[in-house]
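A.B. asks: build me a model:
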Amino acid sequence: MAERNSVRLLEPASVMIQNDFEEIVLQHYEPLYRFAFSLARTESDAGDLTQHTFYVWATKGHQLRDRSKVKAWLFTTLHRAFLESRRRQARFPHQSLDEIALDDLPKTSPASADNFDCSEVRAALAQVDEIFQAAVSLFYLEDYSYREISQILEVPIGTVKSRLSRGIMQLREVLGSSGSGRASEQCLCS
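C.D. replies: So this is what the prediction gives:
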């Protein structure tokens, strides 16, 4: 009986949270969408940014202590999402295959990648500085994320990224002209 009462007490709170969320969406959707449209300049991107902002609010909004700052929090979150999407676009530009010239495609044939000696890559990994070996192995051989590697090695994520970058550079130097860096990374992943 006590369990039923505690469940009943929780139901009104969840309804109240749902109503609060709906009220915030109704109150701030249009201004947020206009702001997103002014940044993104396309309806679909503006809609995605606005939806993402409310998703973040739904998952993290409870952390905001001063409810009078909801509007500023939403606009800041949207702006940060926009900046992140632009950074991602700059790092990974989208091009359709029709737009790419044949000269821009890699010169490596699939057959040459198949003939690459993976044992050679793994032996070369043993020649890389020990401090970099663990990060490279965990990332490429074990498919761990940066965060997981950070926890395993007990170092910050930035250090993991640095060790991966330096480890791959050393691996490429050790391999020299025997294969491309991409082929070595593919071999590490298999």
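A.B. asks: C-alpha from now on. contacts and neighbour counts both.
C.D. replies: OK.
A.B. asks: mind jotting down where the helices sit in the chain?
C.D. replies: 2-40, 43-60, 70-91, 110-115, 118-125, 130-136, 146-153, 157-175, 181-189 (DSSP state H).
A.B. asks: return the distance of the fifth one from the chain's centre.
C.D. replies: Read that as helix 118-125. Remark: helix 118-125 is offset 29 Å from the chain centroid, using CA atoms, centre = their mean, to the nearest Å.
A.B. asks: mind listing what's buried along it?
C.D. replies: Using 16 or more other CA atoms under 10 Å as the test for burial, helix 118-125 gives Cys118, Val121, Arg122, Ala124, Leu125.
A.B. asks: one more: the third one?
C.D. replies: For helix 70-91, the buried set under the neighbour-count rule, 16+ other CA under 10 Å, comprises Val70, Trp73, Leu74, Phe75, Thr77, Leu78, His79, Ala81, Phe82.
A.B. asks: what angle do that helix and helix 43-60 make?
C.D. replies: 120 degrees (axes from the mean of the first three to the mean of the last three CA atoms, to 10 degrees).
A.B. asks: what's in contact with helix 70-91?
C.D. replies: With contact meaning CA atoms under 8 Å, 6 or more residues apart in numbering, helix 70-91 is reached by 28, 32, 36, 39-40, 49-50, 52-54, 56-57, 64.
A.B. asks: break the chain into its domains for me.
C.D. replies: 13-91, 113-189 (automatic domain parsing).
A.B. asks: just name the most buried of these.
C.D. replies: Neighbour counts (mean count of other CA atoms under 10 Å) averaged over each of the domains of the chain peak at domain 113-189, with a mean of 17.
A.B. asks: let me see the mean pLDDT of that domain.
C.D. replies: Per-residue pLDDT over domain 113-189 has a mean of 76.
A.B. asks: for Phe62, report the pLDDT, please.
C.D. replies: Let me fix one detail, which is that residue 62 is His and not Phe. At His62, the model reports a pLDDT of 87.
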